[in-house]
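Novice: Sequence and predicted structure, then a few things I'm wondering about:
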Amino acid sequence: EERQGGGATKQMERHTSRDKKTHVSPQDANAPPFQDGITMKANTSDKFALKDGEEVFYMCPGNTRSGMSKYLPTDFQVCDFDLTRHLEYLPTKKYLDAVSEHPPNSWREDENWLESHIQRLQYPEDCNSPQNEDSNRWHLVKLIQAGIGFNIYLFTDVVARHWESGLSVMVNMNNRWRFSDLKCGRGSSCHLKKLTSCSIEDIQPQNLVAITHHGPPWPTLANICENGKYIPSKGRCLCNEGYIPHESGENDPACIEAKPDRDRIPDEEEAMDGPLPWGLAAPGEVDTGGSGCPHAFPAVHKLRYKHGFFWWHAVHLNYLIRNADNYPKLEKWAVSNRLDHKNGNTCIAVHVRHGDACLDKYSLHRTCHDWKEYAEKIKILEERYGHQQTIFVATDDQKIIEEAKKDKEHNVVFQEISREKYKPKGWGHTIDVRDDLNKPKVVTEFIQDVVGLGMCGMFVGTFTSSVAWIAVELQAARLGHYAPFIALDMPYAHERNVGRFLTWQDQPHPETKQRGLKGPRRKK
C-alpha cells in the first residue's frame with residue numbers, strides 16, 4: 001500500500017511473519033550493564049514446556065549504543081516487525097499461543113520494579129525533600145488543550161521521561177484543564193492516577209521547578225511570574241496591567257508586554273479560568289521536546305533500551321489509567337460485556353474515527369474507511385488465530401455501528417450513546433476547539449471506549465488517531481505480551497505518529513548531568 005504523507009510518497013508495508021525473516025540474537029554482548037540491579041534474562045526457549053529460568057522469547061534487542069529496538073517479535077528468536085514501516089503485526093499462531101500461555105516473567109518483573117521506582121520518587125516521607133536527581137525539588141507538569149487521547153499519550157510521555165531521569169513530578173492541579181470534572185483537581189481528571197499525595201501547597205515555591213520551555217537555570221514558582229504574580233488557587237500567573245499571559249520560551253517571562261495592535265488583553269476571569277491560549281501560559285512542562293530536563297539529566301535506568309519505546313510507554317500508560325479512581329467502574333462494564341481477552345472472553349477491538357478526521361485538509365495523511373475494510377481485517381485475524389467471540393466497536397459514527405450490528409457471527413459490543421455530537425459542522429470544527437465536548441459525561445464515554453479497547457487481545461484501526469496508539473499499548477500491558485494488530489493507514493511509529501516523539505527518536509540523550517543544576521542542599 002502507498003499513502004501520501006508530508007509531501008512525499010512513502011512505502012507502507014503489509015507485513016506478516018510469512019515474509020522474509022531477520023534473525024536477531026536476544027542480547028547484544030556489547031550492551032552496557034543495566035543499572036539498579038536490572039539484568040537481561042538468559043536466553044529463552046521456543047518450547048511450550050519451559051525449564052526453570054526460561055521464558056518465551058519476546059525482547060528484541062536495543063541498547064544505549066545502537067539505540068532502542070524498533071522491532072516486535074513475530075516468532076521464536078525472530079524480530080522482523082518494524083514499527084516504523086509495517087502495518088500488520090501478525091506473529092505466528094504457535095508463537096502467540098506460547099507467549100499467551102506463558103507470559104514472560106521478566107515483563108512483569110521489570111514493570112513491578114518500574115512502579116516501585118515511581119513510588120520512591122512520588123511518595124517521599126517529607127514532601128519538601130523528595131529523594132531524586134534534582135535535590136529537594138519537584139518539577140511541575142500540566143495537561144494541554146488538545147483532544148483527550150493525544151493529551152493522555154503526551155502526558156504519559158513527559159512524566160515517564162522525568163521518572164526515567166530520576167525526577168519527581170507534580171501536576172499543576174489548579175490550572176483549569178478543559179476535560180477536568182473538578183472532582184480530582186482543576187488540572188487533572190479522576191480517569192488518571194493521582195501522581196502523588198503531596199500538593200503544591202506543601203512545597204516551598206523555590207523547590208518547585210515551573211518551566212514551560214525554558215532552558216537552565218530554570219525558574220521556580222518563586223520567580224516564574226515576572227511582571228505579575230502567581231495565584232495558587234488558579235495555578236496561573238496574574239499579569240500586571242498592560243501585560244498578558246505568555247507560553248514562554250527560553251528566557252521569556254510568563255507575562256509579556258501587550259502590543260495594542262496585536263494582542264487582546266483578557267480580563268481577570270478569562271485569564272484565570274479561560275482555555276486557549278491562557279491555559280498554555282500556566283507554569284508547567286507539557287512535552288519532552290519543550291522541556292529542558294531531559295537535556296540535562298541522564299537516565300537512571302535503561303528499561304527503554306532494554307524493551308523499546310512501545311513497552312516503556314505502554315507500562316507507564318497502563319499505570320496511569322489502571323490506578324485511576326474511576327477505572328474499576330469502567331473495567332466492570334467491559335467485563336460485563338465479555339471484553340476480557342486475558343481471562344478467556346476473546347475479543348477484537350475495532351476503532352473507527354470519522355468525524356473531524358475526514359474533513360481535515362491540513363492532515364491529508366488521515367484516511368477514512370468503510371466498515372467493509374475493517375471487516376476484511378477482522379477476517380485476516382480470525383483466519384490466522386481462530387474465531388474470536390466478541391467484536392468491540394468504538395467509533396464517533398453511528399453509521400458504523402449500524403453496519404457492524406449486521407454481523408451475526410460475533411457478539412458485537414458498543415456503547416449505547418449518542419454519536420451525533422461528534423459530527424463536525426464543517427472544516428476546522430475539530431475536537432481541539434470544541435468546548436461542547438469538554439463535558440465530564442463525554443469524557444467518561446471516551447475513556448470507557450479506551451478501557452474497552454484495551455481489554456481485548458487484537459486490534460484493527462488507524463494509527464493516525466492517538467486512540468489506536470493507546471489501545472495497542474494497553475492491550476500489551478494488560479496481557480504481558482505484544483498483541484496482534486492491523487493498521488489501515490500508517491505504521492504505529494511513522495514520523496507523523498508515535499515516531500514524532502523525541503523519546504522514540506531517543507533525543508536528547510545526555511550521558512552526564514549538566515553542571516550548575518543542583519538544587520538546594522538536601523537536608524540530612
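Specialist: That came through fine. As the structure is a prediction and not an experimental result, all values here were calculated from the model.
Novice: how about the strands in the stretch 301-450 of the chain?
Specialist: 347-352, 390-395, 411-413 (DSSP state E, counting those that start in this stretch).
Novice: Check those for me and report the most buried one.
Specialist: Greatest average neighbour count among the strands of the stretch 301-450 of the chain goes to strand 347-352 (a mean of 27), per mean count of other C-beta atoms under 10 Å. (Each C-beta comes from the backbone N, C-alpha and C, glycine too.)
Novice: ok so, going back, got a markdown table for the strands of the stretch 301-450 of the chain, with distance to residue 74 too?
Specialist: Formatted as a markdown table, those follow (distance: least, C-beta to C-beta, whole Å):
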| stretch | distance to residue 74 |
| --- | --- |
| strand 347-352 | 19 |
| strand 390-395 | 24 |
| strand 411-413 | 29 |
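Novice: Let's have these in TSV, adding distance to residue 211 and mean pLDDT.
Specialist: Formatted as TSV, the strands of the stretch 301-450 of the chain follow (distance: least, C-beta to C-beta, whole Å; pLDDT from 0 to 100):
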stretch	distance to residue 211	mean pLDDT
strand 347-352	35	98
strand 390-395	36	97
strand 411-413	44	98
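Novice: do you know how far residue 159 is from residue 503?
Specialist: From residue 159 across to residue 503, the span is 11 Å (C-beta to C-beta, to the nearest Å).
Novice: for residue 236, same thing?
Specialist: 28 Å.
Novice: try residue 117
Specialist: Counting by C-beta to C-beta - residue 117 and residue 503 are separated by 17 Å.
Novice: In terms of neighbours, single out the busier of those two.
Specialist: A count of neighbours by other C-beta atoms under 10 Å puts residue 503 above the other of residue 117 and residue 503, at 22 against 18.
Novice: Which other helices and strands does the strand or helix carrying that one contact?
Specialist: Using DSSP states H and E, residue 503 falls within helix 502-505. Here helix 502-505 touches helix 148-164, helix 309-322, going by 3 or more C-beta pairs under 8 Å, 6 or more residues apart in numbering; DSSP states H and E.
Novice: now for the longest one, which elements pack on it?
Specialist: Other helices and strands packing on helix 148-164, by 3+ C-beta pairs under 8 Å, 6+ apart, are helix 105-122, strand 138-141, strand 168-171, helix 293-296, helix 309-322, helix 440-454, helix 466-479, helix 502-505.
Novice: Residue 374 is nearest to which of the ones you listed?
Specialist: Closest to residue 374 of the helices and strands packed on helix 148-164, according to C-beta to C-beta: helix 466-479, at 12.3 Å.
Novice: Using CSV, write out every CA atom in that closest one.
Specialist: Output of helix 466-479 as CSV, limited to C-alpha atoms (Å, rounded to 0.1, in the frame of the first residue of the first chain):
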residue,chain,number,x,y,z
SER,A,466,-3.9,8.6,19.1
VAL,A,467,-6.6,6.3,20.4
ALA,A,468,-5.0,3.5,18.3
TRP,A,469,-1.7,4.1,20.0
ILE,A,470,-3.3,3.9,23.4
ALA,A,471,-5.4,0.8,22.5
VAL,A,472,-2.5,-1.4,21.3
GLU,A,473,-0.3,-0.4,24.2
LEU,A,474,-3.0,-1.0,26.9
GLN,A,475,-3.7,-4.5,25.3
ALA,A,476,0.0,-5.4,25.5
ALA,A,477,0.4,-4.1,29.1
ARG,A,478,-2.6,-6.0,30.3
LEU,A,479,-1.7,-9.3,28.6
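Novice: any low-confidence regions in this structure?
Specialist: 1-48, 63-66, 212-216, 248-252, 290-292, 294, 356-365, 425-433, 515-524 (pLDDT under 70).
Novice: can we see that at 80?
Specialist: In the predicted model of the chain, residues 1-49, 62-67, 145, 211-217, 247-253, 275-280, 288-295, 355-366, 422-437, 508-524 satisfy pLDDT under 80.
Novice: so what's the residue nearest to the spatial centre of it up against?
Specialist: In the chain, the residue lying closest to the centroid (C-alpha atoms, centre = their mean) is residue 153, at 2.6 Å. Neighbouring residues of residue 153 by C-beta atoms under 8 Å, 6 or more residues apart in numbering: 313, 317, 466, 469, 470.
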